[in-house]
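Student: What would the 3D arrangement of this be:
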Amino acid sequence: MAAAVAPIAAQPGASDEVVDPTVSLLTITKPTPDAKLGLVMTAGASPKVHSLSPDGLAAAAGLMVGDAILTVNRAPVDTDVMAQQAMQQAPKSVTLGFLRNAAGPPGRWLAGDNPWCS
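Tutor: Residues are numbered from 1 along each chain as shown. Next up, the predicted model:
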C-alpha cells in the first residue's frame, strides 16, 4: 500500500490539488509556450524525475527528484517520450499527476541531449 502524498504548498505560477490519497496534481504556468520546465526524467517506461534545475519552473513549483510522472495535462503517460511531448505541446500550463518520491528500479537516464531539459 502506497503512502499518502501530502499536498504541495502553492507557489507563484503554480497550483496543486490532491485527487486521491496517493496521486498529486501540480500545475506549472509556462511564461512562454516554448519555456522549459528544467527537469530530467528517467528514460523508458514509468518516467521519474531524475534531476531538477535549481532555478527551473518544476523545482520552483515543488516537484522533487524521484517523483513518478503519471499524467501530463490529465492524460496518462507511459514513457518519458510521451511525457516530454505532452509537456512541449502545452502552450500555457502543464498539469502533472505524480507520485511523490516513488520507489522502483532506477532505469537509464536522459542526459544533456534532452532538448526539453535545461
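Student: From now on I want contacts and neighbour counts done on CA atoms only, so please keep to that.
Tutor: OK.
Student: Go through this protein and flag its longest helix.
Tutor: helix 80-89 (DSSP state H).
Student: Let me see the mean pLDDT of it.
Tutor: Mean pLDDT, helix 80-89: 94.
Student: Identify each buried residue in that helix, please.
Tutor: The neighbour-count check on helix 80-89 (16 or more other Cα atoms under 10 Å) flags Asp80, Met82, Ala83, Gln84, Ala86, Met87, Gln88 as buried.
Student: Below-threshold pLDDT in this protein: ranges please.
Tutor: By pLDDT under 70, the weakly predicted segments of the chain are 1-21, 102-118.
Student: could you pull out the strands for it?
Tutor: 14-18, 24-29, 39-43, 49-52, 68-72, 75-76, 93-99, 108-109 (DSSP state E).
Student: and of the ones you listed, who's closest to Ala61?
Tutor: Closest to Ala61 of these is strand 14-18 (Cα to Cα; 5.6 Å).
Student: distance between the ends of stretch 58-67?
Tutor: 11 Å (Cα to Cα, to the nearest Å).
Student: What of stretch 59-70?
Tutor: As for stretch 59-70, its first-to-last residue distance stands at 18 Å under the measure Cα to Cα.
Student: which ones are touching Lys30?
Tutor: Contacts for Lys30 (Cα atoms under 8 Å, 6 or more residues apart in numbering) come out as Lys36, Leu37, Leu57, Pro91, Lys92, Ser93, Val94.
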